[in-house]
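S.K.: below: sequence and its predicted model.
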Amino acid sequence: QVQLVESGGGLGQPGGSLRLSCVASTSILEFAAMVWYHQAPGMLRELVASIANDRSTNYADSVKGRFAISRDNAKNTVYLQMNSLKPEDTAVYYCKADLYAWSGGAKYWGQGTQVTVSS
């Protein structure tokens, strides 16, 4: 069973920065993509950013130019650098790993880490 553990959440100031980490219990090279989602209270879970094995990335419009996703394959870790924080970034942030379709296509989720942006 793949386990994903997020960390790095907490209280951030508007305009400030936080860096989230997601550590996988297995090589992240096994996954077609690693993805960050967020879910605000009463809202649906939304994609924030994704990174593929070729390091190609995709971002939600709301975070383009402010957030950056990266990966360290040697550490089985994916990061989300969050800059220029806004109160509307407040949410629980989840890491997801998608297996390749030829490996069954299973999707694994972490337990989430709370990010609160407030002065």
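M.R.: The structure has been received and is ready for your questions. Residues are numbered from 1 along each chain as shown.
S.K.: any idea of the pLDDT on Ala49?
M.R.: The model reports Ala49 with a pLDDT of 98.
S.K.: what's the answer for Arg71, then?
M.R.: 97.
S.K.: go on, Tyr100?
M.R.: For Tyr100, pLDDT reads 89.
S.K.: sec struct for the residue lying closest to it once chain neighbours are set aside, please.
M.R.: The spatial neighbour of Tyr100 that comes closest, neighbours along the chain excluded (Cβ to Cβ, 6 or more residues apart in numbering), is Ala32 at 4.6 Å. Heads up, the C-betas are built off the backbone N, CA and C, glycines and all. Put simply, Ala32 is strand when judged by DSSP: H, G, I helix; E, B strand; the rest coil.
S.K.: can you count the residues close to Ala32?
M.R.: The local packing of Ala32 (other Cβ atoms under 10 Å) involves 16 other residues.
S.K.: that one touches Asn53, doesn't it?
M.R.: Yes - using Cβ atoms under 8 Å, Ala32 is in contact with Asn53, at 6.8 Å.
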